[in-house]
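pasting the structure only:
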């Protein structure tokens with residue numbers, strides 16, 4: 001019986017990596033990380049058809065280079081999330097005015113929901129797409145609550161309450177479940193990240209100030225990207241002037257100036273006193289009134305009645321063809337084109353224009369004869 005040489009001995013296999021979960025203490029083998037996947041740009045959600053809508057201008061794709069739990073734990077390890085305990089010991093903080101921290105409690109609660117593997121996620125998503133079972137939608141949402149926290153934490157500096165951002169992100173997550181197509185071959189988290197970010201962006205722009213500062217697509221674009229573009233120009237050695245910013249961002253120069261003023265100034269109450277004196281007037285009392293005074297109001301009303309009577313008298317002097325052209329072209333809020341009027345009376349466009357011009361001149365002379373001292377007659 002020959003003894004094997006040392007060189008022929010098979011090397012020992014290294015043990016598989018194992019970790020202990022904080023929930024039950026069981027030793028489990030981590031599943032492999034999913035492939036990096038990105039959602040297509042066409043799938044970016046548009047909210048409310050306006051505005052709130054196009055938040056994708058400031059969104060970049062999120063690659064899932066590891067499972068959501070690893071991302072969540074990494075953020076907590078770096079101090080970007082509150083530290084959690086296995087039993088949420090914040091519940092029994094002795095002597096505290098508030099028995100527990102809501103954010104820490106929420107983070108501890110969402111850890112109780114198990115994650116989904118790629119195969120489980122795909123099967124549940126297909127089943128929900130076909131049958132619409134709310135239990136399947138609930139499973140997809142709860143398995144990705146940690147992803148919402150990770151995304152909301154990126155905007156923590158823009159809001160005083162991180163839970164508000166998480167709540168809006170959860171609404172976007174539920175909307176993503178309703179619109180997700182599992183047959184396109186992408187992971188659900190890669191698709192849901194767009195909806196989560198979109199709802200967080202909409203919440204920020206609606207609650208940044210008491211008065212909304214972004215109501216159009218251009219204003220929303222400036223709200224999210226103006227500071228970034230200014231810093232980019234300064235890094236390139238340029239002074240971020242409004243004209244240069246407008247050219248780089250594809251908006252009007254006046255819109256850039258307006259947004260800069262809006263973001264630089266805060267709201268001021270009209271009831272705020274203008275000085276520190278007890279009997280000082282409020283700011284609202286010092287603002288000029290742009291409405292017409294009683295004399296101007298009476299004068300304009302008198303002229304309106306006079307013009308209406310004179311126009312009715314002038315229309316009575318016209319023949320049938322002139323009366324129809326007068327009503328269609330001069331008295332209509334949405335007048336037809338010269339060609340349309342010409343086709344109705346079997347006339348050329350030029351002939352209709354000549355009749356209209358002559359009617360204007362006759363109306364001007366008609367009113368001037370009856371009110372020569374009124375300046376409005378020249379208009």
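Ah, there it is. Predicted model, so just to flag it, every value in this text is computed and none were measured.

C-alpha from now on. contacts and neighbour counts both.
Noted.

Show me the strands in the stretch 101-250 of the chain, by range?
For the stretch 101-250 of the chain, no strands are identified by DSSP state E, counting those that start in this stretch.

List the buried residues for the helix or strand where residue 312 lies?
Using DSSP states H and E, the element containing residue 312 is helix 294-316. Burial within helix 294-316, assessed by neighbour count using 16 or more other C-alpha atoms under 10 Å, is assigned to 307, 310, 314, 315.

Could you work out the most separated pair of the residues you listed?
In terms of C-alpha to C-alpha, those reach their longest pairwise distance at 307 and 315, which sit 12.1 Å apart.

Run the chain-centre distance for the helix holding residue 312.
The chain centroid and the centroid of helix 294-316 are separated by 47 Å under C-alpha atoms, centre = their mean, to the nearest Å.

Buried residues, stretch 154-174. List them.
155-156, 159, 162-174.

Closest one to residue 126 out of those, please.
Each of these was scored against residue 126 by C-alpha to C-alpha, and residue 174 proved nearest at 15.9 Å.

so what pLDDT did the closest one get?
Turning to residue 174, the model gives it a pLDDT of 95.

swap in residue 48?
46.

for the record, mean pLDDT for the helix or strand following the helix holding residue 312?
Per DSSP H and E, helix 294-316 leads on to helix 320-325 as the next helix or strand towards the C-terminus. The pLDDT scores in helix 320-325 average 86.

Could you list the low-pLDDT ranges of the stretch 1-150 of the chain?
Counting by pLDDT under 70, the stretch 1-150 of the chain shows low-confidence ranges at 1-99.

Show the residue spans covered by the helices in the stretch 251-379 of the chain.
Under the criterion DSSP state H, counting those that start in this stretch, the stretch 251-379 of the chain contains helices at 253-264, 283-286, 294-316, 320-325, 338-345, 349-370.

List the buried residues in the fifth one.
Think helix 338-345. By neighbour count, and taking 16+ other C-alpha under 10 Å as the criterion, the buried residues in helix 338-345 are 338, 341, 342.

so which of the buried residues of helix 294-316 would you say is closest to residue 147?
When the buried residues of helix 294-316 are compared against residue 147 (criterion: C-alpha to C-alpha), the nearest one is residue 307, at 67.6 Å.

can you tell me how far the closest one sits from residue 240?
53 Å (C-alpha to C-alpha, to the nearest Å).

Same check on residue 263?
When distances are taken as C-alpha to C-alpha, residue 263 and residue 240 turn out to be 16 Å apart.

the more surrounded of those two?
Just comparing residue 263 and residue 240: by other C-alpha atoms under 10 Å the higher neighbour count belongs to residue 240, 17 against 12.

And for the nearest residue to the more buried one once chain neighbours are set aside, the neighbour number?
Nearest-residue entry for residue 240: residue 230, 5.3 Å, with adjacent residues in sequence omitted and distances by C-alpha to C-alpha, 6 or more residues apart in numbering. Residue 230 has 18 neighbouring residues, counting by other C-alpha under 10 Å.

wait, residue 230 sits on residue 242?
No: checked against C-alpha atoms under 8 Å, the pair residue 230 and residue 242 is beyond contact range at 9.6 Å.

re the thing from before, what touches both of residue 307 and residue 315?
Between them, residue 307 and residue 315 have no joint contacts when contacts are counted by C-alpha atoms under 8 Å, 6 or more residues apart in numbering.

Let's see the distance spanning stretch 264-280 from one end to the other.
Terminal residues of stretch 264-280 lie 27 Å apart, using C-alpha to C-alpha.

which outside residues touch that stretch?
Judged by C-alpha under 8 Å, 6+ apart, the contacts made with stretch 264-280 from elsewhere in the structure are 209, 210, 211, 281, 282, 283, 284.

Could you list the low-pLDDT ranges of the stretch 251-379 of the chain?
Residue ranges of the stretch 251-379 of the chain with pLDDT under 70: 372-379.
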